[in-house]
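Engineer: Here is my input, please return the structure:
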Amino acid sequence: MALSIHLGAHKTASTHLQFSLRQVRDRLLCAGLAYVDPAMLRGQPLSLSAVLAQGIGGRDQESARQMLLDMRQGCRDLLISEENILGMTHRSRLFSRRGEIYPRAAQRLRHVIALAGGGPAVVYLSLRDPASFIVSAFALQVAGGKEIDIAAYLGDRDPARSAWAGLVGRLAAVEGVSRIVLWRYEDYPALRLRLLERLLPAGLAAEVPDPPPANVSLTQAGYDWLLRRAASGEGVDQCTLARRARERFQPASGHARLRLLDDETHARSARNYAQDIAALRAMPGVEFLEP
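Structural biologist: As a prediction, the model looks like this:
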C-alpha cells in the first residue's frame, strides 16, 4: 500500500491542484489510486477536522477509519489532499505563542496516518514567502467574516518571520512519515507537471487538466472597497461583501494583489524565507523540488 498525503499549505495553489485532480478521479481509480480531497472530507460523508479535534482514540475514530477505507474503493494506493490537516488559518490556530506555525500539525498528521491504516506515508507540502502567506491567510479570514484588520490578526507576531523549517522538522519526526516532498508556491506553475508525476501512477500526469486559478484571493482594490462598504452601515454582512469584492476586483482584470505590509517587512521576509529554504534543502528526509 502506498499512502501519499498532500498538506497544502493553505493559499499555495492547493485548491487548484485539488480541482485538477478531481477531474480525473475516475481515471485514477482505474489505475489503482483512490483520490480523497476536501469535497469528501469537509462535512459529508466525513468531517475530518471534527474527528481530528477529538484526538486519537476519539469517539468517531473507528467510523472515520471505516469511511476512509470505503473511500479507497478497493484501491491499493491512497492520495489524500487536505490542507486543514495542518490546522486552520484563524489567528488562534495558525501560530502558537512560541511562534510555531500550525502548532498541532504533527499530532493531526499522526492521527490521519493512523486513520488511513498506518504508514509509510510520503508527505507533500508547498511553502510560501512568509509575508505573502500571512496576508493571504488574513484575506481568507476576511472572506469568512472573521477578520477585517491586519494589525489585530497579527497581534505581536512578526509577519516576516519564516517558520517553515520548524514545521517540516516536526512533521518529519512523525512516526510513519518516510519522506517529505517540498516545493515553493512561487515555483508551482513551473513544477506542476513534475509534481503530478510524483503524485500519480506513471503516464497519468499529462492527462490532468490545468484549469484557471481557483479560490482567487482579495485584491487591494477589492479589500479597499470592502472596507468602505463595511463602514457605510448598509447592513450587508461581511461574507457577502467579500464575495462581491472578489467578483468585481479580480487579478485577471488587472487589479493588484493585496499588499498590507510595508516594503521593509517584505524585504526581511524574502531574506528569512531564503534562509529557511536553504536549511530545508539540507534537512534529512526532505526532497526539495526545483524548477
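Engineer: What residues of the longest helix seen in the chain count as buried?
Structural biologist: Across the chain, the longest stretch assigned as helix under DSSP state H is helix 263-281. Residues 265-266, 268-270, 272-273, 276-277, 279-280 are the ones in helix 263-281 that count as buried (16 or more other Cβ atoms under 10 Å). Glycine gets a C-beta too; all of them are placed from N, C-alpha and C.
Engineer: Equivalent analysis for stretch 219-235, please.
Structural biologist: For stretch 219-235, burial by neighbour count (16+ other Cβ under 10 Å) applies to 219, 221-223, 225-226, 229-230.
Engineer: circling back to that earlier point, using CSV, lay out the buried residues of helix 263-281 together with distance to Leu79 and pLDDT.
Structural biologist: As requested, these are exported to CSV (distance: Cβ to Cβ, whole Å; pLDDT from 0 to 100):
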residue, distance to Leu79, pLDDT
Thr265, 37, 98
His266, 35, 98
Arg268, 36, 98
Ser269, 32, 98
Ala270, 32, 98
Asn272, 32, 98
Tyr273, 28, 98
Asp276, 27, 96
Ile277, 25, 97
Ala279, 28, 96
Leu280, 23, 97
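Engineer: Show me which of the residues you listed is closest to Val51.
Structural biologist: Set against Val51, the nearest of the buried residues of helix 263-281 by Cβ to Cβ is Leu280 (29.8 Å).
Engineer: residue contacts, the closest one?
Structural biologist: Applying Cβ atoms under 8 Å, 6 or more residues apart in numbering to Leu280 gives the contacts 127, 164-165, 168, 182, 286, 288.
Engineer: Please state the offset of stretch 272-289 from the chain centre?
Structural biologist: 18 Å (Cα atoms, centre = their mean, to the nearest Å).
Engineer: And stretch 23-37, by the same measure?
Structural biologist: How far stretch 23-37 lies from its chain's middle: 20 Å, per Cα atoms, centre = their mean.
Engineer: Using CSV, list the CA coordinates for that stretch.
Structural biologist: Taking C-alpha atoms only, stretch 23-37 is exported to CSV below (Å, rounded to 0.1, in the frame of the first residue of the first chain):
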residue,chain,number,x,y,z
GLN,A,23,-11.5,16.0,-12.9
VAL,A,24,-9.6,12.7,-13.3
ARG,A,25,-10.7,10.9,-10.2
ASP,A,26,-12.3,8.0,-12.1
ARG,A,27,-9.2,7.6,-14.3
LEU,A,28,-7.1,7.4,-11.1
LEU,A,29,-9.4,4.8,-9.7
CYS,A,30,-9.0,2.7,-12.8
ALA,A,31,-5.2,2.9,-12.3
GLY,A,32,-5.4,1.8,-8.7
LEU,A,33,-5.2,5.1,-6.9
ALA,A,34,-8.0,6.5,-4.7
TYR,A,35,-8.0,10.2,-4.5
VAL,A,36,-9.7,11.9,-1.5
ASP,A,37,-9.9,15.6,-1.1
